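Q: I need the structure of the sequence given here:
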Amino acid sequence: MLTPTQQNALRDAVRALMPLAAEIFSEVRTASLDEEGVTRPAWSAEDQAAADILLRAGRDLGLATRADDIGNTYASLPGRAGPGTAVLTGSHLDSVARGGNFDGLAGAVAGVIALAALRRAGLQPGCELTAMGIRCEESVWFGIAYIGARLSVGAMDRPEFDGLRRLDSGRSLAAHMAEVGLSADDIWRRDGPEISAAGTKAFLELHIEQGPLLIERAVPLAVATAVRGNLRYGDAVCYGAYQHSAAAPRRLRQDAVLAVTELLQRLEALWHEIEDNDDPSAVFTVGKLFTDPDHHALTKVPGECRFSLNFGSTVQATLERMANAVATLTAEIAARRRVRFALGDAVGSPPTPLDPGIRANLSASAKRLSIPCVEFATVGHDASVFARAGIPAAVLLVRNGEGSHNPRESMDMEDFQLGVQVLAATMIDLANS
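A: Residues are numbered from 1 along each chain as shown. Down below sits the predicted model:
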């Protein structure tokens with residue numbers, strides 16, 4: 001635990017590095033500007049620029065830097081015990097298309113700044129501290145999330161890797177890696193994974209909050225209790241029959257839109273019931289809902305409606321309950337309304353508890369630094385991959401206006417500064433314990 005004098009030295013060092021952090025954010029933004037917001041596709045010139053900027057910043061700050069065969073970046077502060085076990089932090093470098101600049105990048109920059117602040121404050125950790133910039137967390141590029149993190153802990157095999165195609169280009173993951181100077185074959189030439197539970201004491205991820213809770217509560221930071229799991233039907237369709245709107249009576253209609261909207265209303269009612277009585281972490285989203293513009297018309301009963309379903313929860317039983325409800329309701333509505341539902345394959349991930357000890361350590365660091373901090377569940381982050389690999393993991397959320405996955409992300413640098421202080425203090429406490 002840091003002494004009050006050390007806490008003050010760390011606070012001053014973090015504050016002094018904030019102009020540099022702002023410069024890094026600005027430089028990465030400039031390298032990935034789009035018509036609106038920023039776009040950093042996984043293994044592209046844009047996210048490679050972010051990786052290069054982060055590595056250069058780490059070197060300039062006196063940290064040891066390198067990149068692995070996956071393209072993940074590392075900046076390290078040596079510990080008194082020498083090489084061996086490390087405490088890791090970091091987040092992802094890619095963004096969604098036309099997204100904001102802080103989603104992921106805030107955590108990658110925070111790690112480098114935290115380690116540099118500890119070095120500037122003269123605080124040598126008991127074991128090595130390492131800040132990562134992780135490739136491809138966003139599922140929009142290859143259809144699955146956390147690819148860089150999964151590869152780093154050995155949680156993806158070669159057949160799955162070889163089957164991945166980037167959704168916007170149709171080209172393989174290996175081909176996109178080659179464009180930024182990486183050989184996919186090198187990943188599997190290693191004796192073992194880049195990161196293992198045996199060599200890692202903890203993984204901490206600073207990330208902007210992607211919802212409005214910290215804004216609502218007027219608090220700068222939160223410690224995440226768990227990462228929500230999810231259940232998703234990404235390309236569901238209801239097939240009915242196109243009919244004349246004035247000629248078909250209700251009893252003979254096969255209205256795809258009304259069938260889907262009934263399904264959605266009943267699922268929303270179930271969500272309210274679950275959230276109010278059993279599981280406040282439950283969420284339900286219909287991100288896509290549309291008819292075919294080549295066939296729909298004001299005077300037609302709609303014969304086709306496409307939609308998506310996305311359920312989230314920190315409780316696996318809630319996800320199973322929603323899956324059972326989808327199956328039951330679609331069968332009942334289809335029979336009564338004489339339509340057909342084609343939901344496609346459900347995909348998702350289980351809820352991931354976050355380490356209670358590290359959560360307590362983060363909260364204690366915030367308290368000692370007199371920084372307000374609360375707790376609640378969060379959405380999917382790279383930390384969940386490290387947790388599933390047996391590495392104690394936690395997530396520190398920083399207040400951010402306007403949500404994320406849009407150009408209006410508005411994390412305040414003063415809040416970021418507070419988050420870096422808590423991150424750095426917790427990392428050195430873990431390294432010294």
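
Q: could you measure residue 168 against residue 140, distance?
A: Distance from residue 168 to residue 140, counting by Cβ to Cβ, to the nearest Å: 9 Å. Where you see a C-beta, it was placed from the backbone N, CA and C, and this is true even at glycine.

Q: in the stretch 101-250 of the chain, which spans are strands?
A: In chain order, the stretch 101-250 of the chain shows strands spanning 128-134, 200-208, 221-227, 229-239, 243-244, with DSSP state E, counting those that start in this stretch as the criterion.

Q: can I get those in CSV with distance to residue 278 and mean neighbour count?
A: Listed next are those as CSV, based on distance: least, Cβ to Cβ, whole Å; neighbours: other Cβ atoms under 10 Å:
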stretch, distance to residue 278, mean neighbour count
strand 128-134, 34, 28
strand 200-208, 27, 26
strand 221-227, 16, 24
strand 229-239, 15, 19
strand 243-244, 41, 13
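
Q: I'd like those strands laid out as TSV, including mean pLDDT.
A: Shown next, in TSV, are those (pLDDT from 0 to 100):
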stretch	mean pLDDT
strand 128-134	98
strand 200-208	97
strand 221-227	96
strand 229-239	95
strand 243-244	96
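
Q: Relative to residue 186, which of those strands is closest?
A: Comparison of the strands of the stretch 101-250 of the chain against residue 186 by Cβ to Cβ identifies strand 128-134 as nearest, at 17.5 Å.

Q: Buried ones in the helix ranked longest in the chain, by neighbour count?
A: When every helix of the chain is counted residue by residue (DSSP state H), the longest turns out to be helix 4-31. Of the residues in helix 4-31, those buried by neighbour count under the rule 16 or more other Cβ atoms under 10 Å are 6-7, 9-11, 13-14, 17-18, 20-21, 24-25, 27-29, 31.

Q: so where do the helices sit in this structure?
A: Assignment of helices within the chain using DSSP H yields the ranges 4-31, 45-60, 105-120, 147-152, 158-162, 173-179, 184-187, 213-217, 256-277, 316-337, 356-368, 383-388, 413-432.

Q: Need these in JSON lines (columns: distance to residue 345 and mean pLDDT).
A: As requested, the helices of the chain are arranged in JSON lines below (distance: least, Cβ to Cβ, whole Å; pLDDT from 0 to 100):
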{"stretch": "helix 4-31", "distance to residue 345": "36", "mean pLDDT": "97"}
{"stretch": "helix 45-60", "distance to residue 345": "29", "mean pLDDT": "98"}
{"stretch": "helix 105-120", "distance to residue 345": "31", "mean pLDDT": "98"}
{"stretch": "helix 147-152", "distance to residue 345": "19", "mean pLDDT": "97"}
{"stretch": "helix 158-162", "distance to residue 345": "15", "mean pLDDT": "96"}
{"stretch": "helix 173-179", "distance to residue 345": "21", "mean pLDDT": "96"}
{"stretch": "helix 184-187", "distance to residue 345": "26", "mean pLDDT": "94"}
{"stretch": "helix 213-217", "distance to residue 345": "32", "mean pLDDT": "94"}
{"stretch": "helix 256-277", "distance to residue 345": "18", "mean pLDDT": "98"}
{"stretch": "helix 316-337", "distance to residue 345": "12", "mean pLDDT": "98"}
{"stretch": "helix 356-368", "distance to residue 345": "34", "mean pLDDT": "97"}
{"stretch": "helix 383-388", "distance to residue 345": "21", "mean pLDDT": "95"}
{"stretch": "helix 413-432", "distance to residue 345": "38", "mean pLDDT": "97"}
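
Q: Let's have those in JSON lines, adding distance to residue 193.
A: Below are the helices of the chain laid out as JSON lines (distance: least, Cβ to Cβ, whole Å):
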{"stretch": "helix 4-31", "distance to residue 193": "27"}
{"stretch": "helix 45-60", "distance to residue 193": "20"}
{"stretch": "helix 105-120", "distance to residue 193": "20"}
{"stretch": "helix 147-152", "distance to residue 193": "7"}
{"stretch": "helix 158-162", "distance to residue 193": "13"}
{"stretch": "helix 173-179", "distance to residue 193": "17"}
{"stretch": "helix 184-187", "distance to residue 193": "10"}
{"stretch": "helix 213-217", "distance to residue 193": "34"}
{"stretch": "helix 256-277", "distance to residue 193": "38"}
{"stretch": "helix 316-337", "distance to residue 193": "26"}
{"stretch": "helix 356-368", "distance to residue 193": "21"}
{"stretch": "helix 383-388", "distance to residue 193": "11"}
{"stretch": "helix 413-432", "distance to residue 193": "21"}
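
Q: Quick one, which of these gets closest to residue 307.
A: For those, proximity to residue 307 was assessed by Cβ to Cβ; helix 256-277 is nearest, at 5.6 Å.

Q: Show residues contacting the closest one.
A: Contacts made with helix 256-277 from outside it, assessed by Cβ atoms under 8 Å, 6 or more residues apart in numbering, are listed as 238-240, 282-284, 286, 289, 291, 302-305, 307, 309, 318, 321-322, 325-326, 329-330, 333-334, 337, 339, 341.

Q: Just the buried ones out of the residues you listed, please.
A: Restricting the contacts of helix 256-277 to buried positions leaves 238, 240, 282-284, 286, 291, 302-305, 307, 309, 318, 321-322, 325-326, 329-330, 333-334, 337, 339, 341, with burial counted as 16+ other Cβ under 10 Å.

Q: middle-most residue in this protein, spatially?
A: The central residue of the chain, meaning the one whose C-alpha is nearest the mean C-alpha position (Cα atoms, centre = their mean), is residue 381 at 3.3 Å.

Q: That one touches residue 208, doesn't it?
A: No - counting by Cβ atoms under 8 Å, no contact exists between residue 381 and residue 208, whose distance comes to 10.5 Å.

Q: next one: stretch 161-174 to chain centre, how far?
A: In terms of Cα atoms, centre = their mean, to the nearest Å, the gap separating the centre of stretch 161-174 from the centre of its chain is 20 Å.

Q: go on, stretch 236-250?
A: How far stretch 236-250 lies from its chain's middle: 40 Å, per Cα atoms, centre = their mean.

Q: Number of residues surrounding residue 350?
A: Using other Cβ atoms under 10 Å, residue 350 has 15 other residues around it.
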